[in-house]
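Trainee: need a structure here:
(one chain, ligands or ions: 2)
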Amino acid sequence: MIPNENILSNFAFDEALDMDICSIEPIVSGHINHTFVATQGEQKYIVQKINTGIFKDPCSLMENIDNVTEHIRRKTEAVGGDAKRATLEIIKTNEGRLFYTDSDNNCWRCYRYIKNSVGLDTINAGDLHTFYVAGAALGDFQKMLMDFDASILAETIPLFHDTKNRFRNLEIAIGENRSGRLSDALPEIDFAKAHKEMCSIIVDKLADGSIPLRVTHNDTKLSNILADEDTQQVLCLIDLDTVMPGSALYDFGDALRSAASSGAEDEKDLSKIYFRQDIFEEYCKGYLSVAAEFLTEAEIDLLAESVIMMTFECGIRFLSDFLDGDVYFATAYPEHNLVRARNQFKLVADMEEKLKKTKEIVALAAGK
Ligand code: GN1
Ligand code: MG
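Mentor: Ligands and ions are numbered 1, 2, ... in the order given. Here you go, the predicted structure:
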């Protein structure tokens, strides 16, 4: 559904958008929300329809984003930085609200497009230094939010990275077999069951306090890091929908799940999918160049395992959704979620084989 004048006229843009001259282009970004770019002369905005099937409380979602972006804006200004490029600016509605609900109950939000910005995934693909920069960007994000009061954040998706709960959901999906596809996924189900104990690695340590609760981004792929197209300097992390209290390990592990894969998340040819330890090493060095000062020993000890765990978690989420009949992730063809699950499990198996070396890389980068 493309946003029309009835929707766009509710936002306090610099100048009202005139549908005769304004262009609205859909952009493919992620599996969850619908995203468009609205351009009118020099003005450019991101317009998104929030997926309220998944984000059931859009008010809390937008308050989270507003609170976090305000914190980043204040801190950036305090050190004389350019706040307009250090975080996305929410364009409020004419009534000063953070999003607009249309007559069909669709929720819309707008951000100012940061000029000359591109996703880090599109910069110098293949240049290892990009991964160092991405790791440092995650460290900076976490550092910037160290003094943010995480208790004011709502859990926009409850139990989002509670991997034990994700596994329980998989068991329910297997038991219910709602799509009737169970027999297509038997090897993947076996793989998941054989790795069940992996689910407790982070969750149990968070629960018993041996690793700290921190503000986490929860979707740290390279395309969610914006950089200046010319200077290639990192500007900010975007897609703050899942900013919640959690573990720094979620963000590190999830970033490398995608960044350190040799191929796309839905590559069908599994011979092309393996764990890029060279990328892991660069990212880890960049990350620890910032984060070593605030991470605890226990967190650093789990960095290598976190990558396996987060890849496994994503795999079981895709597998559950395949068994449930593709009710969560957007899919382009019927086996898409199964292809994704297989792909993630292939990566898990390769990461497991390489774990000893991966841990040595972490220890070296941490100066141990
Ligand atoms: C979803 O839609 P996107 O790409 O931003 C998902 C992430 C997964 C990712 C896998 C809210 O993110 O957790 O890692 O797909 N986001 C949500 O590609 O579930
Ligand atoms: Mg996302």
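
Trainee: Let's verify the closest residue to ligand 2 within the chain: helix, strand, or coil?
Mentor: Nearest residue of the chain to ligand 2 (CB to the ion) works out as Asp219 at 3.8 Å. Using the backbone N, CA and C atoms, a C-beta is placed for each residue, glycine as well. Per DSSP: H, G, I helix; E, B strand; the rest coil, the secondary structure class of Asp219 is coil.

Trainee: separation between it and Tyr250?
Mentor: The spacing between Asp219 and Tyr250, counted by CB to CB, to the nearest Å, is 10 Å.

Trainee: Nearest spatial neighbour of the residue of the stretch 1-150 of the chain found nearest ligand 1, chain-adjacent residues omitted?
Mentor: With distances taken as CB to the nearest ligand atom, the stretch 1-150 of the chain approaches ligand 1 most closely at Gly30, which sits 2.8 Å away. Using CB to CB, 6 or more residues apart in numbering and skipping the chain neighbours, the partner closest in space to Gly30 is Asp239 (7.0 Å).

Trainee: The one you found contacts Thr35, doesn't it?
Mentor: No. With contacts counted by CB atoms under 8 Å, Asp239 stays clear of Thr35, the gap being 9.9 Å.

Trainee: higher neighbour count, those two?
Mentor: Summary of the neighbour comparison: Asp239 and Thr35, criterion other CB atoms under 10 Å, with Asp239 having more neighbours (22 against 17).

Trainee: Quick check on the more buried one: phi, psi?
Mentor: When quoted as degrees, to the nearest 10, the phi and psi of Asp239 stand at phi 60, psi 70.

Trainee: sorry, back to before: quick one, what contacts the residue of the chain closest to ligand 2?
Mentor: By CB atoms under 8 Å, 6 or more residues apart in numbering, the contact list for Asp219 reads 239, 241-242, 254.

Trainee: is the helix or strand containing Phe312 anywhere near ligand 2?
Mentor: Counting by DSSP states H and E, the element that carries Phe312 is helix 303-324. No. Where contact is defined by CB under 5 Å from the ion, no part of helix 303-324 touches ligand 2; the two come within 12.0 Å at best.

Trainee: Enumerate the positions of stretch 360-368 that are buried.
Mentor: By neighbour count, with 16 or more other CB atoms under 10 Å as the criterion, the buried positions of stretch 360-368 are 361-362, 365-366.

Trainee: and of those, the nearest to ligand 1?
Mentor: Val362 (22.1 Å).

Trainee: Isn't that closest one up against Lys285?
Mentor: No. Val362 is not in contact with Lys285 according to CB under 8 Å; the separation is 9.8 Å.

Trainee: Could you tell me which residues touch both of these two?
Mentor: None of the residues lies in contact with both Val362 and Lys285 under the rule CB under 8 Å, 6+ apart.

Trainee: For whatever helix or strand comes next after the helix holding Phe312, which helices and strands make contact with it?
Mentor: Heading C-terminal from helix 303-324, the first helix or strand you meet, by DSSP H and E, is helix 336-353. For helix 336-353, the packing partners by 3 or more CB pairs under 8 Å, 6 or more residues apart in numbering; DSSP states H and E come out as helix 186-194, helix 303-324.

Trainee: list the helices and strands the helix holding Phe312 packs on?
Mentor: Secondary structure elements in contact with helix 303-324, counted by 3+ CB pairs under 8 Å, 6+ apart, are helix 163-176, helix 186-194, helix 200-207, helix 248-259, helix 336-353, helix 355-365.

Trainee: Got the domain ranges for this structure?
Mentor: Taking automatic domain parsing as the reference, the chain has its domains at 5-115, 120-365.

Trainee: got those as CSV, with mean pLDDT columns?
Mentor: What follows is the domains of the chain, written out as CSV (pLDDT from 0 to 100):
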stretch, mean pLDDT
domain 5-115, 93
domain 120-365, 96
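
Trainee: Tell me which of those domains sits most buried.
Mentor: Across the domains of the chain, the average number of neighbours (mean count of other CB atoms under 10 Å) peaks for domain 120-365, which reaches a mean of 19.
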